[in-house]
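[1] The following comprises the amino acid sequence and a computationally predicted model.
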Amino acid sequence: MLNKSEIRIQIAHAEQLGFDYTTIKKNDPFLTVMKDAAGGTVKRMSMKTMTTRKDGRSHVAYIAYDGIDWHLGCGNHFLEGKMDSTEVMSSVTVMAANAEEKKSMLSYYKSEDANTFCHFWKSWNEKGKICKHVSDLLAQTTEEDLSTLEAILLGEEIIPEPITSATAITYECPVAAKLNRYEHTRHICITGEKGSGKTRSTYEYLKANKIPHIFVGGNKDIEASDLRGMLLPVEKDGNKEFIWVDGPLTEAFRRASKGEKICLIIDELLRISDSGLSILIPSLSLDNTNHYVLPTGRIVDVDADGVGKMEVLKAPKDKFWVIATTNIGAGYDVTRMDDALEDRFEYIEHNNELSNIQNILLDVASKNGISASSAIKLLNFYQKMKALYEAEELNKLINLRHLVQIIEDCRDEKNLHDFIVDRLPKWVERDIHGKLLPEQIKIVHRAIDKSDIKVIS
């Protein structure tokens, strides 16, 4: 395993001498996932390879980058005739220039290297020298190739036009078109990853369209009575009385029944228990007059027989609207939505395009005195961190909420690096003693450095 400076030294001393073998295939830098014999992911790497052949023997020379270290190697007799370079790189266990990893590689193929031919492993382990195949490959490797290998692995994406602080910033809600389509005609449930901006998009849409809202934060302790309302005791003139207090659902119904256009936001809908959600099935169903109907549970009159009369609110369809948000999937602690309740909603998937994330970060940065260039650095950091998560190098996923919080808390971009580092526990797993894993800390710091986010004194 080598660092980048050591790789450059190897390249500088490498020679392309017209060796007496045939070059079968050269691969431009590519991304691959190493797998073990059971098919499990071992490591994600970017690689450049070259396959050669002489007298029926195949060699696969490679230069690889795993996000931290650089690797050189040459497949010898035990790879002979088995697969081409791409297939080798996407199936063997992690290859690096040391004896332990050689042993692992040989074990995978269930054979010993009887004749290494170019003696790569022996020469490297004993003398730190590379074979002629790797030398040939390195002689054809440029600084641009190294940068490309880093970019491929870390998920870099070039922004077509440099963005400056003078660039016009326009935030466009990524789900606005569909919300417009169903505004006050069909209730909406926005699904998406945690922290992807579902609630933010809802607020931005309602604000842009000047639609008043009432908010409910979903959790497992919410019951139907919390949404409907209840009698609460109050002290009045030394006496205890019970006063009715509307829950958020009843408040929204009451305002809509008086002709006000209103939206009820239910954030994290599926964190509410089944018993809490049960009230929504009848209350989100239209009657034959095109109204939603809600018996509030509040007694407003008593007849001659002493029987209480319950208040019933009727909200016109074009005045009452529900937008819910939720995470869906096995990775979240949520309940399964009842089929009847599911039929009350249209679903919108909130998948943030990179351009939308960019616009949000620029928007938040401009409101908090942070430059556009710093916002773009954060965007690059987000891309690298997401790529590391998808490669299973990190177990926790960075999200838009984290980036927005960093900008809002930072205020002064001289502190940007520190505010990112403060959030390491959000992205790094802990060991059995509760300590953050050092290797993952190193990976995150490398992503920060690669995003050109520096400590400024």
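    Here it is on my side, so go on.
[2] how does the protein divide into domains?
    4-154, 176-349, 354-450 (automatic domain parsing).
[3] Can you tell me which of the ones you listed is nearest to Ile456?
    Minimum separation from Ile456 across the domains of the chain (CB to CB) falls at domain 354-450, 4.4 Å. C-beta here means a position set from N, CA and C on the backbone, and glycine is covered the same way.
[4] Under the pLDDT cut-off, which ranges of the chain? List them.
    Along the chain, the parts satisfying pLDDT under 70 run over 1, 15-44, 54-58, 75-122, 154-172, 329-335, 457.
[5] what are the ranges of the strands in it?
    22-35, 41-54, 57-65, 70-75, 187-191, 213-217, 229-236, 239-246, 262-267, 291-302, 308-316, 320-326, 345-349 (DSSP state E).
[6] I'd like those written out as TSV, with distance to Thr141 added.
    Shown next, in TSV, are the strands of the chain (distance: least, CB to CB, whole Å):
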stretch	distance to Thr141
strand 22-35	9
strand 41-54	6
strand 57-65	6
strand 70-75	10
strand 187-191	45
strand 213-217	54
strand 229-236	71
strand 239-246	70
strand 262-267	51
strand 291-302	67
strand 308-316	69
strand 320-326	48
strand 345-349	42
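[7] Now that we have those strands, can you turn them into JSON lines and tack on distance to Ser283 and mean neighbour count?
    JSON lines is the format used below for the strands of the chain (distance: least, CB to CB, whole Å; neighbours: other CB atoms under 10 Å):
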{"stretch": "strand 22-35", "distance to Ser283": "49", "mean neighbour count": "15"}
{"stretch": "strand 41-54", "distance to Ser283": "47", "mean neighbour count": "20"}
{"stretch": "strand 57-65", "distance to Ser283": "57", "mean neighbour count": "24"}
{"stretch": "strand 70-75", "distance to Ser283": "61", "mean neighbour count": "25"}
{"stretch": "strand 187-191", "distance to Ser283": "11", "mean neighbour count": "23"}
{"stretch": "strand 213-217", "distance to Ser283": "13", "mean neighbour count": "16"}
{"stretch": "strand 229-236", "distance to Ser283": "12", "mean neighbour count": "12"}
{"stretch": "strand 239-246", "distance to Ser283": "13", "mean neighbour count": "12"}
{"stretch": "strand 262-267", "distance to Ser283": "10", "mean neighbour count": "23"}
{"stretch": "strand 291-302", "distance to Ser283": "5", "mean neighbour count": "16"}
{"stretch": "strand 308-316", "distance to Ser283": "9", "mean neighbour count": "15"}
{"stretch": "strand 320-326", "distance to Ser283": "9", "mean neighbour count": "26"}
{"stretch": "strand 345-349", "distance to Ser283": "13", "mean neighbour count": "17"}
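[8] Kindly list the longest helix within this structure.
    helix 372-390 (DSSP state H).
[9] can you map out the helices along the stretch 151-300 of the chain?
    176-182, 198-208, 224-228, 248-257, 274-277, 280-283 (DSSP state H, counting those that start in this stretch).
[10] just to revisit the earlier point, got the domains of the chain as TSV, with distance to Ile456 columns?
    TSV is the format used below for the domains of the chain (distance: least, CB to CB, whole Å):
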stretch	distance to Ile456
domain 4-154	23
domain 176-349	27
domain 354-450	4
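[11] List the contacts of Leu277.
    By CB atoms under 8 Å, 6 or more residues apart in numbering, the contact set of Leu277 is Leu269, Thr335, Met337, Asp338, Leu341.
[12] The last one reaches Ile281, doesn't it?
    Yes. In this structure Leu341 lies within contact range of Ile281 using CB atoms under 8 Å: 5.3 Å.
[13] Between these two, tell me which one has more neighbours.
    Leu341 (19 against 14; other CB atoms under 10 Å).
[14] In space, what's closest to Ile266 - neighbours in sequence excluded?
    Counting by CB to CB, 6 or more residues apart in numbering, Ala324 is the residue found nearest to Ile266 once chain neighbours are left out, at 4.3 Å.
[15] The helices of the stretch 151-300 of the chain: which one's closest to Glu393?
    That would be helix 198-208 among these, by CB to CB, at 26.4 Å.
[16] just the angle between that closest one and strand 345-349, please?
    Orientation check (axes from the mean of the first three to the mean of the last three CA atoms, to 10 degrees): helix 198-208 against strand 345-349 gives 110 degrees.
[17] Now tell me what touches helix 198-208 from outside.
    171, 173-176, 179, 190-192, 212-213, 263, 265, 267, 323, 325, 350, 360, 400, 404.
[18] Tell me which of the helices of the stretch 151-300 of the chain sits most buried.
    Counting by mean count of other CB atoms under 10 Å, helix 248-257 has the highest mean neighbour count of the helices of the stretch 151-300 of the chain, with a mean of 22.
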